[in-house]
Structure formats: C-alpha cells, structure tokens
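Q: task: produce atomic coordinates for the following.
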Amino acid sequence: MTGIGHNGGPPLDPEPDPSWNAWCWRRAQRRAWKTPPREIALRRLARAEANGMTYREYTLEILERGRHR
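A: Here you go, the predicted model:
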C-alpha cells in the first residue's frame with residue numbers, strides 16, 4: 001500500500017545501469033572542461049580577474065549558467 005499523494009507510478013530516478021550513467025557523466029565532464037583555444041582562455045582569464053575570481057571559478061560559472069558575467 002502506498003501513502004497519500006502517491007500515484008503509483010514508476011520511481012523518478014530509475015537507474016537501469018549505474019555504470020552507463022557514470023560513463024556518461026565522466027564523458028560530459030571531460031568535454032565541458034576541455035581546454036578552449038588560447039584566445040578564449042585569455043579572454044576568460046581577463047574577465048575572471050576583472051570580477052575578482054579565478055579562471056576555474058569563472059569557467060564553472062559559465063558552465064552552470066550558460067552565459068558570461
């Protein structure tokens with residue numbers, strides 16, 4: 001018997017193969033943190049310093065928000 005408010009549907013986080021999910025996450029992370037071309041890296045570094053951040057913190061902001069500060 002399920003509790004009140006449960007519609008009896010499938011679980012929200014089915015994990016058919018955890019190793020497949022782990023592989024996908026590792027691949028996505030590797031692609032996201034891939035070293036950009038020199039010009040882009042220098043521009044990010046300049047913007048990061050102007051905002052009082054490190055290059056890694058600034059890159060993480062770009063990855064999280066999908067836009068530049």
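Q: list the contacts of stretch 59-69.
A: The contact list for stretch 59-69 (CB atoms under 8 Å, 6 or more residues apart in numbering) reads Ala32, Trp33, Arg44, Arg47, Ala48, Asn51, Met53, Tyr58. C-betas here are computed from N, CA, C, even on glycine.
Q: so which of those residues are in helices?
A: Of these, the ones assigned to helices by DSSP state H are Ala32, Arg44, Arg47, Ala48, Tyr58.
Q: find the nearest non-adjacent residue to the fourth one, please.
A: Sequence neighbours aside, Tyr58 is the residue nearest to Ala48 in space, at 3.5 Å (criterion: CB to CB, 6 or more residues apart in numbering).
Q: test my guess that the one you found contacts Gly52.
A: No - the pair Tyr58 and Gly52 does not pass the contact test of CB atoms under 8 Å, sitting 9.9 Å apart.
Q: quick one, which of the contacts of stretch 59-69 are buried?
A: For the contacts of stretch 59-69, a burial check counting by 16 or more other CB atoms under 10 Å picks out Arg44, Arg47, Ala48, Met53, Tyr58.
Q: least confident pick among the ones in helices among the contacts of stretch 59-69?
A: Within the ones in helices among the contacts of stretch 59-69, pLDDT reaches its minimum at Ala32, with 87.
Q: which parts of stretch 57-69 are buried?
A: Tyr58, Thr59, Glu61.
Q: let's have the residues you listed in CSV, adding distance to Arg26.
A: As requested, those are exported to CSV (distance: CB to CB, whole Å):
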residue, distance to Arg26
Tyr58, 23
Thr59, 18
Glu61, 22
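Q: closest one of these to Ile40?
A: If you rank these by distance to Ile40 using CB to CB, Thr59 comes first, at 10.2 Å.
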